[in-house]
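1. Provided below are the primary sequence and the corresponding predicted coordinates.
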Amino acid sequence: RDRNPGEDAFLQAVEEVAEDVLTVEKANSAFAAARVLEQLTEPDRIITFRVVWEDDTGTLQINRGWRVQMSNAIGPYKGGLRFHPSVQPSILKFLAFEQVFKNALTGLPLGGGKGGADFDPKGRSEGEIMRFCQAFMAELAHHIGPDEDVPAGDINVGPREIGYLFGAYKKHHGLFQGALTGKGQAFGGSAMRVEATGYGLIYFVAAMLSEQGDLLEGQRIAISGKGNVATHAAEKAIVEGARVVTMSDTSGTVHCADGMDQDAVAWVRAQKAAGGDLSNPPKALGLTFHEGALPWQFEADIALPCATQNEMDAEAAKSAMAGGVKLIAEGANMPLTADALAAVEEAGILYAPGKATNAGGVAISGLEMSQNAHGQFSTAEEVDRALMRIMTQIHDTARDEGRAGGRINYRRGANIAGYRKVATAIAAFGVI
Ligand code: NDP
């Protein structure tokens, strides 16, 4: 706390992991000697830079960009870029820290990083977004590369932005290299990368249910968010026979007790793409809009928070559980506050953390990196099969490490399994 004053999100993420892994560290003399957790809480480096670009009126705009390179102990730095006015070092440090454990859990050789800018794309034209991405990459290009650091998308950075960023990277270096993932398939992207995080979340939930002898079919699922993760989770859940009862954004929640259909999900996705909100669903879709309401106010069996960090506080978690929720799986990174997590664990319902459940996106990014390195591409079916295999393997690893007293603590299991892999590498390096 003394070393990171005021960095609440980062401290929250570290405290949640430390609780589980410190006993493992103390019990292993090599890990203890290497002071692994302390090393992992100090980024290898944080790069801060100025981003200067011109808006449509010809006025100069100045933003701040960052890349937090947390750990490359088991592979090149890897993690998304986020463009949002709330972006600042504490947020990126928490995301990069989580990313180290998540990437280790995938079983792929990926280190952890995260980056972004305090740029707000809301209300910006296509041309402004392109110029911002180019100006951002003019600086970031010095610090990334296929064996060094491979960014991807995150909030407000989707396929369109990755296209602009990759074009700018390629122009800067004069090299066609897979220094970014989430690329379009026309220029080295992997099939299924866009869908991977949301679909992977549903595969993980299916594995959790199967462990309890239960199925996805017929479950009522409350989802928050209307972005990449939320819409693909909803799409897959419907295919699997579940009933998606809510989706949301900062304006409020759309609800359908009978379950949304794919047309309703497509409308939600289109609102996000157009920069609109959810306040006016067409009548034919059967959705009701509840201004300012949270998805957790409606009855459901499963809650999937897929919007942003700390979106579910203790009151919201209790409301979800009172409405029937018996399983919470995180689509977003750290969507539960520390108090919400405590309430959920006290109630004893099933819970799984984002570092395990939303790892599908980075796992397919990892496959995109190897496809780029070999120049051979997999079909959507092959990638989907790999995604399901990886998510099931992450589930099983977290389950096996998390078994305690006849229950499964997926949080503890994911933290310890991710830590063990990275710690083994760090301890092997000696003092460097
Ligand atoms: P998007 O930008 O596609 O979507 C985020 C959406 O969340 C926005 O539409 C936004 O609504 C909504 N939102 C933000 N804050 C709130 C809030 N407090 N309540 C309700 N809705 C809110 O982002 P992604 O889907 O890519 O990312 C969502 C989360 O998933 C993030 O935590 C991200 O780090 C995580 N994640 C993403 C991965 C990926 O592959 N994309 C991989 C792993 C994790 P509005 O339009 O009103 O601002």
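-> Yep, that arrived. Residues are numbered from 1 along each chain as shown.

2. and the stretch 151-300 of the chain, which of its residues are near the ligand?
-> Near the ligand, the residues belonging to the stretch 151-300 of the chain are 153-156, 197, 224-230, 248-250, 272 when assessed by C-beta under 6 Å from any ligand atom. Every residue, glycine included, has its C-beta placed from N, CA and C.

3. Need the buried ones from those residues selected in ChimeraX.
-> Typed into ChimeraX, the next command selects the buried ones out of those (criterion: 16 or more other C-beta atoms under 10 Å):
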select :153,154,155,156,197,224,225,226,227,228,229,230,248,249,272
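
4. So which of the residues of the stretch 151-300 of the chain next to the ligand are in helices?
-> Counting by DSSP state H, those place 197, 228-230, 272 in helices.

5. Specify which member of the residues of the stretch 151-300 of the chain next to the ligand is nearest to Arg50.
-> Nearest to Arg50 out of those is Asn156 (C-beta to C-beta; 19.6 Å).

6. Please report how far the residue nearest to that closest one when sequence neighbours are not counted lies from the ligand.
-> Leaving aside its sequence neighbours, Asn156 sits nearest to Phe83 (C-beta to C-beta, 6 or more residues apart in numbering; 4.3 Å). For Phe83, the distance to the ligand equals 9 Å [C-beta to the nearest ligand atom, to the nearest Å].

7. For the ligand, what's the nearest residue on the protein?
-> The nearest approach of the chain to the ligand comes at Gly227, 1.8 Å away (C-beta to the nearest ligand atom).

8. residues in contact with the nearest residue to that residue once chain neighbours are set aside?
-> Excluding its sequence neighbours, the residue lying closest to Gly227 (C-beta to C-beta, 6+ apart) is Lys272, at 5.7 Å. For Lys272, the contact set (C-beta atoms under 8 Å, 6 or more residues apart in numbering) comprises 226-227, 231, 249.

9. switch to 10 Å and redo it
-> 156, 158, 225-228, 230-231, 247, 249, 278 (C-beta atoms under 10 Å, 6 or more residues apart in numbering).

10. What helix or strand is the residue nearest to Tyr77 when sequence neighbours are not counted located in?
-> Sequence neighbours aside, Gly113 is the residue nearest to Tyr77 in space, at 3.5 Å (criterion: C-beta to C-beta, 6+ apart). Per DSSP states H and E, Gly113 falls inside strand 112-117.

11. Check Thr424 too.
-> Per DSSP H and E: Thr424 is located in helix 410-428.

12. got the buried residues for stretch 136-156?
-> By neighbour count with 16+ other C-beta under 10 Å, stretch 136-156 contains the buried residues 136-141, 143-145, 149-156.

13. Let me see the ranges of the strands in this protein.
-> Secondary structure of the chain, counting by DSSP state E: strands at 45-54, 60-71, 77-83, 112-117, 149-152, 220-224, 243-249, 252-255, 288-291, 302-305, 327-329, 350-352, 403-404, 407-408.

14. if we compare those, which one ends up closest to Ala18?
-> The closest of these to Ala18 is strand 60-71. By C-beta to C-beta, the value is 15.4 Å.

15. any idea of the pLDDT on the closest residue to Asn228 other than its chain neighbours?
-> Computed as C-beta to C-beta, 6+ apart, the closest residue to Asn228 that is not its neighbour in sequence is Gly158, at 6.1 Å. Predicted confidence (pLDDT) for Gly158: 96.

16. Next, the contact list for Gly158, please.
-> Shown in contact with Gly158 (C-beta under 10 Å, 6+ apart): 182, 194, 227-228, 272-273.

17. Backbone dihedrals for it, please?
-> phi -120, psi -160 (degrees, to the nearest 10).

18. One more: Asn310?
-> phi 50, psi 30.

19. and the nearest residue to it once chain neighbours are set aside, how many residues sit next to it?
-> Distances taken as C-beta to C-beta, 6+ apart place Thr337 nearest to Asn310, at 5.0 Å, with adjacent residues excluded. Using other C-beta atoms under 10 Å, Thr337 has 19 other residues around it.

20. Distance of Thr337 relative to Gly252?
-> Distance from Thr337 to Gly252, counting by C-beta to C-beta, to the nearest Å: 20 Å.

21. what's the answer for Ala317, then?
-> Taking C-beta to C-beta, one finds Ala317 at 19 Å from Gly252.

22. more neighbours, the two?
-> Each of Ala317 and Gly252 has its neighbours counted (other C-beta under 10 Å); Ala317 has more, 26 against 17.

23. Look at Gly405 and report its pLDDT.
-> At Gly405, the model reports a pLDDT of 86.

24. so who does the nearest residue to Ala191 once chain neighbours are set aside touch?
-> The shortest distance from Ala191 to any non-neighbouring residue, by C-beta to C-beta, 6+ apart, is to Ala380 (4.0 Å). Contacts for Ala380 (C-beta under 10 Å, 6+ apart) come out as 185, 190-192, 195.

25. Buried ones in stretch 5-12, by neighbour count?
-> Buried residues in stretch 5-12, counted by 16+ other C-beta under 10 Å: 7, 9-12.
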